[in-house]
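S.K.: Return a 3D structure for these sequence lines:
(one chain, ligands or ions: 2)
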Amino acid sequence: MNIALIVPPYADNDLEMACKESIGICYLAAVLRDNDFEVTLIDADLLGLTFHATAERILHGKYDLVGFSVLEGTIESVEAILQLLVDGGLESHVLLGGYFPTMLVEEVLKKLPRVDSVVLGEAEYSLLSLVIALRDGRDWRHLPGVASRIADGVTINPCDTPCAVDDLPFPERDLLPEVLRRGGVTGVVGSRGCFEGCSFCCMNRFSQLSGVVGWRGRSPVSIGDELEQLVEQWGVRAVSFYDGNFIGPGEQGVERAHAIADEIIKRNLDLHFAISTRADQVERELFLHLKNAGLSEVFIGLESMTQRILDLYNKHTRVEDNIKAVETLEECKIYFRAGFILYEPHITLSEIRENIEFLAKMVDMHYCNKFFFFKALRVYRGSLMEGKLARQGILIENNWHVAYNWKHAEVGEYIRVTGQICSQIINIVQQIQPFEADIKRYFETLLGKWNIQVHSAVLLMIEHGAISQNSYMDLSVKAADELKTIRKKLQRYTSIQSRDVN
Ligand code: B12
Ligand code: SF4
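M.R.: Numbering: from 1, shown residues only. Ligands and ions are numbered 1, 2, ... in the order given. The predicted structure is shown next:
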């Protein structure tokens with residue numbers, strides 16, 4: 001059996017889409033190869049392949065089985081590639097796995113006739129069983145964790161054997177050299193699932209569909225072993241933990257996180273690492289210990305500074321938790337990226353003001369990342385939020401996805417105008433990425449302040465009535481002038497730099 005696992009191309013120049021390892025298929029490859037199957041990993045996204053180039057590679061490889069890893073952002077790519085594969089006469093078994101097909105299994109199987117099966121949830125062992133059955137020419141439709149089309153619809157067999165996280169082999173690292181070559185990030189999965197159930201997030205529901213509930217952390221020793229291997233075999237110096245929450249629940253979660261820090265320190269691993277955490281888990285002693293072990297960046301899901309919105313998101317945190325968390329990280333001198341899902345369908349202008357006032361303070365914090373604040377809620381298919389908003393009758397269907405309208409028209413206007421003006425900084429932000437840390441921070445602060453000022457100014461105008469053509473022009477000219485000053489500083493810096501190099 002010759003197997004190809006594919007990450008489809010994803011077209012989004014969002015700054016967050018830094019080059020990352022698609023570690024899910026690397027886990028699948030590890031289990032399949034341990035069982036002597038030949039596996040090729042094609043990360044078309046990482047390689048920047050077009051649909052045609054991806055389809056050509058698949059056809060050229062003459063694989064017996066072709067599996068696509070699908071997230072909400074790539075279902076259309078899969079649809080397009082499948083069409084090219086049909087045109088090219090592909091005969092292989094085609095299967096899909098990952099978040100999107102797991103949560104929308106019926107819809108996917110009904111709409112995509114060329115797909116033979118979907119392997120649900122955490123797929124290591126269900127995929128292995130399927131592959132063995134296909135190799136042996138046995139019936140596979142009854143296998144746990146496998147869904148397929150039958151005469152009168154779709155048959156979905158729930159997953160039955162959740163994988164014990166410490167029993168899994170380490171993921172294969174086929175994609176790592178290319179990721180490192182492109183300046184990307186090495187991924188490590190220290191835990192799976194989550195103990196919370198935020199309504200916008202897909203993790204909890206995905207775990208349920210994988211036949212497991214809650215958060216499962218690997219042992220600190222196993223994590224230490226993997227990190228050591230990454231350092232020694234691959235020369236890795238920085239990793240990103242892909243865990244929904246690096247710190248597990250309760251006291252035990254805190255103890256385990258301390259133990260991971262101990263492992264890294266004991267092994268003398270010269271390594272930086274980034275983690276994701278919740279606001280109510282940021283605690284000075286633990287974070288200083290982690291920093292000592294190499295923690296260099298924290299992604300912290302604050303989401304909003306409005307309690308009503310935190311409650312809508314089922315966040316189970318309070319505005320005060322958010323304030324305390326960022327203050328602690330600033331005190332500990334740990335860089336943090338505050339995640340916000342600022343705009344939700346019912347948000348009012350006064351709630352936006354409440355958030356902007358807090359953000360203006362945060363931009364002044366030295367260790368805070370200055371971007372990623374002004375995001376709108378994306379309703380992922382199969383999430384709790386989809387159900388919530390569908391019951392309120394405000395969702396708009398858009399082929400594979402759903403969208404919504406703003407309840408307050410003036411909010412829509414504000415988002416449109418700020419979006420138009422602020423898109424100007426994207427290329428400057430990209431330009432400063434390779435700069436030395438201090439210089440980069442300096443420019444980020446200038447741009448971050450500019451960004452907040454534009455948002456405040458637009459808000460003020462809209463609070464005083466709709467924006468006229470003249471006032472819009474005045475505002476954008478003023479914003480462009482201020483940005484020109486920042487650009488000049490940037491030019492001065494780059495010319496000094498190139499003079500020094502020459
Ligand atoms: C790293 C990461 C990324 C990386 C790499 C993505 C990748 N291809 O792996 C990048 C930055 C590119 C990314 C982008 C996005 N992401 Co992301 N990402 C993650 C994150 C943090 C870790 C993923 C991971 O490695 N998990 C660990 C591995 C072991 O699990 P896994 O990847 O799910 O793989 C297992 C199963 O899914 C399955 N499986 C996976 N692939 C396949 C393929 C086959 C053939 C089979 C059978 C099974 C199978 O088996 C694997 C082993 O158990 C998760 C959250 C999380 N902690 O899981 C969010 C997450 C997956 N992302 C999410 C989202 C929303 C996005 C974006 C849409 C965000 C955006 N702003 O646009 C984009 C979409 C990109 C796209 N290609 O469509 C959502 C999923 C939503 C959804 N329903 O699709 C998640 C769950 C976050 C959340 N809070 O909800 N992401
Ligand atoms: S947003 Fe974070 S805390 Fe909430 S369910 Fe997702 S991973 Fe868990």
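S.K.: what about whichever residue of the chain sits closest to ligand 1, how many neighbours?
M.R.: Using CB to the nearest ligand atom, residue 97 is the residue of the chain that sits closest to ligand 1, at 1.9 Å. C-betas here are computed from N, CA, C, even on glycine. As a burial measure, the neighbour count of residue 97 was computed by other CB atoms under 10 Å and equals 25.
S.K.: That one touches residue 118, doesn't it?
M.R.: Yes. Applying CB atoms under 8 Å, one finds residue 97 in contact with residue 118, separated by 6.8 Å.
S.K.: Need the overlap of contacts for the two.
M.R.: Listed as contacting both residue 97 and residue 118 by CB atoms under 8 Å, 6 or more residues apart in numbering is no residue at all.
S.K.: Tell me the residues of the stretch 101-250 of the chain that contact ligand 1?
M.R.: Counting by CB under 6 Å from any ligand atom, the stretch 101-250 of the chain comes close to ligand 1 at 103, 119, 122-124, 127, 187, 189, 201-203, 242-244.
S.K.: Among the residues you listed, which are located in helices?
M.R.: Counting by DSSP state H, those place 103, 124, 127, 203 in helices.
S.K.: gap between the last one and ligand 2?
M.R.: Residue 203 sits 5 Å away from ligand 2 when distances are taken as CB to the nearest ligand atom, to the nearest Å.
S.K.: Can you give me every residue that contacts that residue?
M.R.: Contacts for residue 203 were tallied using CB under 8 Å, 6+ apart; they are 193, 194, 244.
S.K.: ok now do the last one, which residues does it touch?
M.R.: This points to residue 244. Residue 244 sits next to 191, 193, 194, 201, 203, 215, 276 when contact means CB under 8 Å, 6+ apart.
S.K.: hmm, back to that, could you provide the contacts of residue 203 in JSON lines, with additional columns for pLDDT and distance to residue 468?
M.R.: As requested, the contacts of residue 203 are arranged in JSON lines below (pLDDT from 0 to 100; distance: CB to CB, whole Å):
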{"residue": "193", "pLDDT": "95", "distance to residue 468": "51"}
{"residue": "194", "pLDDT": "95", "distance to residue 468": "47"}
{"residue": "244", "pLDDT": "95", "distance to residue 468": "45"}
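S.K.: Could you look up the SS state of residue 402?
M.R.: strand (DSSP: H, G, I helix; E, B strand; the rest coil).
S.K.: What is the burial count for it?
M.R.: Around residue 402 there are 19 other residues, counting by other CB under 10 Å.
S.K.: same deal with residue 446?
M.R.: Applying other CB under 10 Å, we find 20 other residues in the vicinity of residue 446.
S.K.: Kindly report the same for residue 405.
M.R.: Neighbours of residue 405 using other CB under 10 Å come to 11.
S.K.: what does residue 357 give?
M.R.: By the criterion of other CB under 10 Å, residue 357 has 12 neighbours.
S.K.: ok but it is inside a helix, no?
M.R.: Yes. The assignment for residue 357 is a helix, going by three-state DSSP.
S.K.: Quick check: the gap between it and ligand 2.
M.R.: Applying CB to the nearest ligand atom, the value for residue 357 to ligand 2 is 24 Å.
S.K.: so residue 46 is in which element?
M.R.: helix 44-47 (DSSP states H and E).
S.K.: next one: that helix to chain centre, how far?
M.R.: Relative to the mean C-alpha coordinate of its chain, helix 44-47 is positioned 16 Å out (CA atoms, centre = their mean, to the nearest Å).
S.K.: Over to stretch 60-68?
M.R.: With CA atoms, centre = their mean as the basis, the mean position of stretch 60-68 lies at 27 Å from the chain mean.
S.K.: repeat for stretch 299-308
M.R.: Per CA atoms, centre = their mean, the displacement of stretch 299-308 from the mean C-alpha position of its chain is 17 Å.
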